[in-house]
Each structure stands twice: as C-alpha cells, then as structure tokens.
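Q: fold the following.
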Amino acid sequence: AAGRVKKPTPSAGNTGVPRSELDWGYSLDLHSGNVFRFRPDGSAVEPYSWGQVNPFGLAQDSWGNFYTADCHSNPITQLIAGAFYPSFGKPHDGLGFAPVMCEHAHGSTGLCGVLYLDGGVWGAEWEDHMLVGNCVTSRINHDAVRFTGATPKAEEREDFMVSEDPWFRPVDLRLGPDGSLYVADFYNRIIGHYEVPLTHPGRDRERGRIWRIVKEGVNGLRAVNFEKRAVMERRFKGPEKSPAGAGSRMLAATAEWITMHPGEKSAWTAAVVAESLEKTAGEDASLRQTLRVALRALLQEPGGFAGLEGMKPTAGLAAVIRTIQTPEASAWTLNYLLNEPQADRGELRSTIASLARNLPADGEAKLVGFVRRTFADDHGAQLELAGAIRQGLARRGGGP
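A: The predicted structure follows:
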C-alpha cells in the first residue's frame with residue numbers, strides 16, 4: 001500500500017522518530033500483513049500495528065479494542081496500537097511481539113471474518129464471545145473471551161455452525177442493526193487462489209450467498225460504554241480523573257490513546273506511564289505491552305525525557321528506552337548501565353551496539369570503560385563487546 005503517509009523509520013516501524021517530525025508525502029510499503037487507519041477524506045493515513053501474515057476481517061469490542069483473524073498465525077489476535085506481531089520471521093521492534101490471545105488453531109489456516117459479541121447484544125450468556133469464519137472446514141468457529149485485567153484469552157467452544165455442504169465458505173461475519181448475524185458465503189468449490197489457475201473451470205463464477213441467523217428475544221442494541229467514550233473524547237487527562245473502579249481496561253484504553261496522540265497536552269507524562277507499568281502485574285501481559293508502547297511514544301516526542309524527572313531508573317524502564325534510537329535515549333541508557341550493570345551478555349551486546357550508533361563522542365570512552373570493568377576477568381566478553389561497539393560506530397560512519 002502506498003500513498004500520502006507519515007514517514008516510517010528504516011527498519012523498525014514507527015520507533016525512533018518523534019511523531020511531530022514525521023513528514024507527509026512519503027509512501028509506506030506494507031510487507032505482508034499490517035493494519036493501518038486513514039481519514040475518509042484521504043488527508044492522512046498511518047500504521048496502527050505492524051506484522052501478521054494474512055489478516056482477514058476486523059472486529060471491535062465495546063472498549064474499542066480491535067481484533068482480527070490471521071489465517072496463517074492465529075484465529076483471533078488482539079491488536080494493540082503500535083505493537084508488532086510475527087510475520088514470516090521478521091523481527092520485532094525491541095519490545096517483543098504482542099501477547100498471543102489464541103493458542104489453538106481451529107483446525108485450519110483459512111480463517112476469515114471475525115465478530116465480537118458484548119454489550120448485552122445477545123444477552124448475558126453471549127457476553128464476550130467471538131465467532132470466526134472457517135472457509136476450509138465449512139463452519140463458523142466459536143470462542144469465549146476471558147480477561148485477566150485487560151488481557152484477553154480465547155477459550156475454544158463448540159462450533160457455532162457446521163455445514164455439510166463442502167462449498168460453504170463463510171468469509172465475513174457482521175452483526176446487523178436488528179441483532180441478527182449476517183454471514184457472507186463465498187460459496188465455491190475452490191477455496192484459495194493458489195489451488196488451481198484462475199481460469200480453471202472448477203471455479204464457480206455465478207453463486208454467492210448471504211445468510212441471516214436470528215437469535216430470538218434480542219433487540220440487537222449494544223450498550224454504550226461511557227468510560228471508553230470518555231477516553232475517545234479526550235476527557236480522561238490523568239490518573240486523578242480516573243473513573244472509580246475503571247481498573248486495567250480503562251488504563252489500557254488510555255495508553256492506546258496516548259500511543260496515537262503522544263504530542264497532545266496531558267497529565268500522562270512518561271513518569272506516570274512508567275509508574276503504571278511498574279505496578280502492573282506480569283499476568284496482565286496486554287496491558288504491560290500497551291503501556292510500554294505508550295511510554296516509548298511519549299519519550300520519542302521532543303522533550304519527552306523531561307517527563308522522567310524524579311523517576312528512579314528501573315530495568316523495565318531501561319528495556320523500553322534501549323529501543324529508542326536517539327542520542328538522548330542512548331545517554332540515559334549508558335548512565336543506567338554505569339549505575340546498574342547488567343550481566344546478560346546477549347542483551348548487553350545488542351544494547352551496546354545500539355549505544356555506539358547514537359552516543360556523542362564523549363560517551364564512547366565511558367562505554368569502553370564500562371565493558372572493561374564489567375568483564376574484567378572475561379577477555380572473551382571484552383572482545384565480543386568491543387566488536388559490538390565497533391559495529392555500532394561503523395553504522396554511523398565513525399571509526400574505531
């Protein structure tokens with residue numbers, strides 16, 4: 001896809017460049033699967049998340065969370081703004097891939113069309129359930145979604161619909177204003193473009209069906225989530241204004257808003273987000289990832305590091321900052337290493353190579369000194385990390 005878009009960084013999506021410095025007039029090449037958003041008038045388009053292989057269909061719950069079906073990786077994936085997802089072995093952005101929501105495959109790699117049921121639209125028994133079209137097995141799969149904080153997990157349930165007609169190909173699912181489920185049925189003997197040539201006589205070119213499935217006794221109206229609406233309307237400006245009992249889902253919704261609007265004036269400084277990250281339990285993996293992405297977005301803004309004033313350096317904070325390719329971030333990371341030396345050699349190598357690409361000249365001697373002190377009795381590690389420093393210098397055009 002190409003058009004008038006915000007300029008991405010060379011190798012890591014939207015990391016490393018303050019949003020305010022991104023220009024218009026550049027084309028964005030989306031390799032493999034991606035999710036992006038655009039204004040209807042064509043004035044702006046930008047990536048929402050990075051990666052996936054073949055996402056088909058998009059659903060949204062009443063909190064505004066997006067979900068997609070990726071036919072080659074996961075039947076259901078929760079999309080976190082600014083996060084990375086696996087795609088043919090491509091690397092992530094340093095923060096790791098977003099958490100896996102669905103760990104079963106529904107017996108197929110041809111999943112498309114995804115629907116989220118909540119807000120009382122089909123009654124309490126269907127609250128937080130998802131349906132997925134499976135055009136290979138001629139059925140509609142069914143999962144219940146269970147949350148740990150703001151982190152969803154899909155639990156496999158009995159199939160919602162099974163057809164004995166092998167041509168039944170449910171490729172999209174939509175909930176109508178009447179509360180009925182509408183199913184777009186491609187209805188074809190051939191499933192995918194790869195099976196036979198496009199001119200093959202077995203391809204059906206006349207048929208296609210839309211099915212309507214009715215649940216009696218429902219009005220089809222989804223209840224309005226006023227807490228989420230407060231975020232979308234930018235009324236939620238800081239922790240002191242958090243609605244009572246909002247909890248982790250409200251925090252996740254706010255962090256996603258920050259990711260997409262990091263330059264907006266808000267009570268949510270980098271320190272506030274970092275403190276929220278420190279307080280978030282490890283099992284709430286989606287919230288942690290959302291906060292990490294939001295924190296990076298804030299720090300990439302001009303003057304973003306001023307928001308850390310008074311914040312004690314932590315390993316969690318360092319893990320986010322070392323993914324930012326700016327001199328300011330490298331100076332912070334070097335100071336952290338000098339005061340909180342880490343012993344993990346693999347992590348140090350990637351960190352030190354990154355620092356060498358961005359540190360000012362007076363920081364190189366400090367970096368070399370740190371390596372020699374930390375691995376005083378391990379000359380092999382010194383040699384390895386010296387090579388990492390040299391590699392980093394070479395990438396910015398400097399000599400050893």
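
Q: count the neighbours of Ala83 for me.
A: 26 (other C-beta atoms under 10 Å). C-beta: built from backbone N, CA, C; applies to glycine.

Q: what about the strands in the protein?
A: 34-38, 45-51, 55-60, 66-70, 74-79, 84-85, 111-117, 129-134, 139-148, 151-162, 170-175, 181-185, 209-213 (DSSP state E).

Q: okay if I get these as TSV plus mean neighbour count and distance to Ala361?
A: Output for the strands of the chain, formatted as TSV (neighbours: other C-beta atoms under 10 Å; distance: least, C-beta to C-beta, whole Å):
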stretch	mean neighbour count	distance to Ala361
strand 34-38	16	38
strand 45-51	21	33
strand 55-60	19	45
strand 66-70	25	45
strand 74-79	26	42
strand 84-85	25	32
strand 111-117	25	52
strand 129-134	26	54
strand 139-148	19	47
strand 151-162	17	44
strand 170-175	20	57
strand 181-185	19	61
strand 209-213	13	66
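
Q: what residue ranges in the stretch 251-400 of the chain score low on pLDDT?
A: Applying pLDDT under 70 to the stretch 251-400 of the chain flags the ranges 265, 341-346, 398-400.

Q: where do the helices sit along it?
A: Taking DSSP state H, counting those that start in this stretch, the helices of the stretch 251-400 of the chain run over residues 270-279, 285-299, 315-321, 327-339, 345-358, 361-374, 379-395.

Q: centroid residue for the chain?
A: The C-alpha lying nearest the average C-alpha coordinate of the chain belongs to Ala83 (C-alpha atoms, centre = their mean; 2.7 Å).

Q: from Leu299, how far out is it?
A: The gap separating Ala83 from Leu299 is 16 Å, by C-beta to C-beta, to the nearest Å.

Q: ok, Gly387 next?
A: 29 Å.

Q: out of the two, which sits in the busier spot?
A: Set Gly387 next to Leu299 and count neighbours by other C-beta under 10 Å: Leu299 wins out with 27 against 14.

Q: who touches that one in this structure?
A: Ala270, Phe305, Gly307, Leu308, Val320, Ile321, Ile324, Ala329 (C-beta atoms under 8 Å, 6 or more residues apart in numbering).

Q: state the pLDDT value of the closest residue to Met130 other than its chain neighbours.
A: Spatial nearest neighbour of Met130, chain neighbours left out: Asp143 (4.8 Å); criterion: C-beta to C-beta, 6 or more residues apart in numbering. On the pLDDT scale, Asp143 is placed at 97.

Q: so what's Asp143 bridging to?
A: Asp143 has these beta-bridge partners by DSSP bridges: Met130, Glu156.

Q: and for the one 5 residues further on?
A: For Thr148, the residues forming beta bridges with it (DSSP bridges) are Thr151.

Q: could you do Ile210 as well?
A: Ala184.

Q: from Leu181, how far off is it?
A: In terms of C-beta to C-beta, Ile210 sits 11 Å off from Leu181.

Q: ok, now Thr351?
A: Counting by C-beta to C-beta, the gap from Thr351 to Leu181 is 50 Å.

Q: about what we covered before: most neighbours among the contacts of Leu299, which one?
A: Most neighbours among the contacts of Leu299, by other C-beta under 10 Å: Ala270, with 26 neighbours.

Q: and Gly220, which of the strands of the chain is closest to it?
A: strand 170-175 (7.2 Å; C-beta to C-beta).

Q: parallel or antiparallel, which strands does that closest one pair with?
A: strand 181-185 (antiparallel).

Q: give me the contacts around the partner strand.
A: Against strand 181-185 from outside (C-beta under 8 Å, 6+ apart): 113, 115, 131, 133, 140, 168-176, 208-215.

Q: for it, what is the average pLDDT?
A: Computed over strand 181-185, the average pLDDT equals 96.

Q: angle of that strand against strand 139-148?
A: Interaxial angle of strand 181-185 relative to strand 139-148 (axes from the mean of the first three to the mean of the last three C-alpha atoms, to 10 degrees): 130 degrees.

Q: quick check: Ala105 touching Cys71?
A: No - between Ala105 and Cys71 there is no contact under C-beta atoms under 8 Å: 10.4 Å.

Q: which one's more surrounded, these two?
A: For Ala105 and Cys71, the more surrounded residue by other C-beta under 10 Å is Cys71, and the numbers stand at 22 against 13.

Q: residue contacts, that one?
A: Counting by C-beta under 8 Å, 6+ apart, Cys71 makes contact with Val53, Asn54, Pro55, Phe56, Ser108, Thr109, Gly110, Leu111, Cys112.

Q: and it, what pLDDT?
A: Reported pLDDT for Cys71: 77.

Q: and Asn74, by the same measure?
A: Model confidence at Asn74, expressed as pLDDT, equals 85.

Q: ok, it to Val132 distance?
A: 10 Å.

Q: then Phe84?
A: As for Phe84, its distance to Val132 is 23 Å (criterion: C-beta to C-beta).

Q: one more: Glu384?
A: Per C-beta to C-beta, Glu384 is found 47 Å from Val132.

Q: over to Arg174?
A: Counting by C-beta to C-beta, the gap from Arg174 to Val132 is 13 Å.

Q: need the contact list for the residue nearest to Met130.
A: Residues in contact with Asp143, defined by C-beta under 8 Å, 6+ apart, are Pro75, Ile76, Cys102, His129, Met130, Val132, Ala154, Glu155, Glu156, Arg157.

Q: likewise for Pro313?
A: Trp332, Asn335, Tyr336, Asn339, Glu340.
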